[in-house]
Structure formats: C-alpha cells, structure tokens
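Student: got a predicted structure here, sequence first:
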Amino acid sequence: MNKFGLTDEVLDSQIVETKQEIDKKCECCAGDMDFDPSTGGLLCPFCGHK
Ligand SMILES: [Zn+2]
C-alpha cells in the first residue's frame, strides 16, 4: 500500500510541473496557450499561433 501512495505523490508533482510549463501567454493575442499533443508544442486556441 505504501508503494502505491508514493507513486501517487510522484505523479502529482509531475502534473503540477506540467501545468506551470503550459501556463504561458500567446505572443499574438496574449491568450492562454494550450499544449498540443499532436505537435508536442504549444498552440493558442484563440488565434492558432504555435
Ligand atoms: Zn493567440
């Protein structure tokens, strides 16, 4: 049981880091950038800027 608890903590910290990394503003419209899995980069959902 302790083993699974430890794994959950590691996953949580990784998710937080990922969210902070995505929290960037678009250079074109200053909107919140989203992560696009198809390109592996950031994509603006408002103007399509990558
Ligand atoms: Zn934009």
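Tutor: Done, it's in. Numbering: from 1, shown residues only.
Student: hey, let's count contacts and neighbours off CA atoms from now on
Tutor: OK.
Student: confirm for me that residue 33 is in contact with residue 42.
Tutor: Yes: Residue 33 lies in contact with residue 42 (CA atoms under 8 Å); the separation is 6.1 Å.
Student: let's verify the nearest residue to residue 29 once chain neighbours are set aside: helix, strand, or coil?
Tutor: Leaving out its chain neighbours, the residue that sits closest to residue 29 by CA to CA, 6 or more residues apart in numbering is residue 47, at 7.1 Å. Secondary structure for residue 47, judged by DSSP: H, G, I helix; E, B strand; the rest coil, is coil.
Student: near residue 47, how many other residues are there?
Tutor: 12 (other CA atoms under 10 Å).
Student: ok, it touching residue 32?
Tutor: No: with contacts counted by CA under 8 Å, residue 47 stays clear of residue 32, the gap being 10.7 Å.
Student: okay, now the unreliable bits of this protein?
Tutor: Across the chain, the ranges flagged by pLDDT under 70 are 1-2, 4-7, 10-11, 13-22.
Student: what does it put close to the ion?
Tutor: The chain comes close to the ion at residues 26, 28, 29, 44, 47, as judged by CA under 5 Å from the ion.
Student: select only the buried ones of those in PyMOL?
Tutor: Remark: buried members of the residues of the chain next to the ion, expressed as a PyMOL selection using 16 or more other CA atoms under 10 Å:
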select buried, resi 26+44
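Student: return the member of the residues of the chain next to the ion nearest to residue 3.
Tutor: residue 44 (38.8 Å; CA to CA).
Student: quick one: residues contacting the closest residue to that closest one other than its chain neighbours.
Tutor: Once flanking residues are discounted, residue 44 sits nearest to residue 33: 4.7 Å by CA to CA, 6+ apart. When contacts are counted by CA atoms under 8 Å, 6 or more residues apart in numbering, residue 33 touches 22, 23, 24, 25, 26, 42, 43, 44, 45.
Student: give me the neighbour count for the residue lying closest to residue 32 once chain neighbours are set aside.
Tutor: Distance criterion CA to CA, 6+ apart; nearest residue to residue 32, sequence neighbours excluded, is residue 25 at 4.9 Å. Per other CA under 10 Å, the neighbour tally for residue 25 reads 14.
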